[in-house]
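**Q** Okay, here's the prediction I keep looking at, along with the sequence it came from:
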Amino acid sequence: MLVWMKLTKVQYERIADCLPRQWGNVSMTNLQLLNALFYMVEHGCKMAWATQTLWQLAYQFTRG
């Protein structure tokens, strides 16, 4: 069984102030997003999917 790196709520609370505030219609928390990114980094992903998805996420976080 593979065990992948996940942030706990306690670890997340230590860095939460450094992340942008979410607003609008957001479907996942910053903690979920960071854990998904850690999973992608650890296990790899297809670049076509990553490029499209990360541009969409970057747009959501920078339009405020």
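**A** Nice, thanks for sending it over. Since the model is a prediction, treat every value here as computed from it, not as a measurement. Numbers count the residues shown, from 1 in each chain.
**Q** contacts and neighbour counts: CA atoms only from here.
**A** Will do.
**Q** Now do the SS call for Tyr39.
**A** With DSSP: H, G, I helix; E, B strand; the rest coil as the basis, Tyr39 sits in helix.
**Q** So Phe38 sits against Met5, correct?
**A** Yes - when contacts are counted by Cα atoms under 8 Å, Phe38 is listed as touching Met5 (6.6 Å).
**Q** More neighbours: which of those two?
**A** Neighbour tally, Phe38 and Met5, criterion other Cα atoms under 10 Å: the higher count belongs to Phe38, 16 against 12.
**Q** Look at the more buried one and report its pLDDT.
**A** With respect to pLDDT, Phe38 has a value of 84.
**Q** Quick check: the gap between it and Gly24.
**A** Per Cα to Cα, to the nearest Å, Phe38 is found 24 Å from Gly24.
**Q** One more: Ala58?
**A** 14 Å.
**Q** Those two: who's more crowded?
**A** Ala58 (10 against 7).
**Q** gap between that one and Lys9?
**A** 23 Å.
**Q** Quick one: low-confidence residue ranges for this structure.
**A** Within the chain, the set of residues satisfying pLDDT under 70 comprises 1-4, 45-53, 55, 59-64.
**Q** where do the helices sit along it?
**A** Along the chain, the stretches classed as helices by DSSP state H are 9-15, 30-43, 47-62.
**Q** For the shortest one, report the contacting residues that lie outside it.
**A** Around helix 9-15, the neighbours that count as contacts under Cα atoms under 8 Å, 6 or more residues apart in numbering are Leu31.
**Q** I'd like to know how far Leu19 sits from Gly44.
**A** 24 Å.
**Q** again, but for Gln22
**A** Here Gln22 is placed at a distance of 26 Å from Gly44 (Cα to Cα).
**Q** higher neighbour count, those two?
**A** Using other Cα under 10 Å, the more surrounded residue of Gln22 and Gly44 is Gln22, with 14 against 11.
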